[in-house]
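Asker: make a model of this:
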Amino acid sequence: MISRSFRSIVIATWLAFPLLVPVTVTAQAQTEPGEYRLGPGDRIQVTVYGESDLTMEILLNDSGVVNYPFLGEIRIGGHSVKEVEELLVAGLKGDYLVNPSISVAIVEYRPFYIYGEVQVPGGYPYRPGLTVGKAAALAQGLTERASERRIFIVRESGTADRRIEANLNTQLRPGDVVTVEQGLF
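Answerer: This is a model prediction of the structure:
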């Protein structure tokens, strides 16, 4: 028999937290397929269903232009994954394919860079959900002189770069350059 007090605790807990369901949250800090713009260093997989000759993995270079079969040179740098799919569908539809089914996926994001007061500065592979703190951990931690208050990110923004003040919880984006400066004391 369950005691009245235990039953009251269970009911109160259920009312406070009615449904505890595990939820998977994906990082969306500009890595959402509709928002993220492809750039140098990104590796994408183009899949054309039923056409193995047109399915390929592409590493974007500085120009953002790729040579694609039957279409020649096309600029995909600066476009979203969805826009690239639309470009390829529009280019292949008609003479070559009646109703092409094309999927474009990011296989590997361009790296981010961290330097300044970290143990091992350099470029590291980007993964969705990456924060400045996690980036510092990849660089084997902050030095003893590092300031947790003087952290800056240089982020691509259209045609110009912008400098952002950051902290250890700031979300990073592919291509970001993180600088951890020295603390005064």
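
Asker: sheet-wise, list the partners of the longest strand belonging to the chain with their directions.
Answerer: Across the chain, the strand with the greatest residue count (assigned by DSSP state E) is strand 146-157. Sheet pairing of strand 146-157 (DSSP bridges) gives strand 160-166 (antiparallel), strand 177-182 (antiparallel).

Asker: in that strand, what's buried?
Answerer: For strand 146-157, burial by neighbour count (16 or more other Cβ atoms under 10 Å) applies to Ala146, Arg150, Ile151, Phe152, Ile153, Arg155, Glu156. No exception for glycine: its C-beta is placed from N, CA and C like everyone else's.

Asker: identify the residues contacting the third one.
Answerer: Residues near Ile151 by Cβ atoms under 8 Å, 6 or more residues apart in numbering: Val132, Glu165, Ala166, Asn167, Leu168, Thr170, Val178, Thr179, Val180, Glu181.

Asker: show me which of those are buried.
Answerer: So, by 16+ other Cβ under 10 Å, the buried ones in these are Val132, Ala166, Thr170, Val178, Thr179, Val180.

Asker: quick check: bridge partners of the fourth one?
Answerer: When bridges are taken as DSSP bridges, the partners of Val178 come out as Ile114, Ile153.

Asker: now for it: which residues touch it?
Answerer: Phe112, Tyr113, Ile114, Tyr115, Gly116, Val132, Ala135, Ile151, Phe152, Ile153, Ala166, Leu172.

Asker: out of these, who's nearest Leu88?
Answerer: Phe112 (27.8 Å; Cβ to Cβ).

Asker: make CSV from the buried residues of strand 146-157 and add pLDDT to it.
Answerer: Compiled in CSV, the buried residues of strand 146-157 are given as follows (pLDDT from 0 to 100):
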residue, pLDDT
Ala146, 93
Arg150, 93
Ile151, 95
Phe152, 96
Ile153, 96
Arg155, 90
Glu156, 80
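
Asker: re earlier: CSV please, covering the strands paired with strand 146-157 and showing mean pLDDT.
Answerer: Shown next, in CSV, are these (pLDDT from 0 to 100):
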stretch, mean pLDDT
strand 160-166, 88
strand 177-182, 95
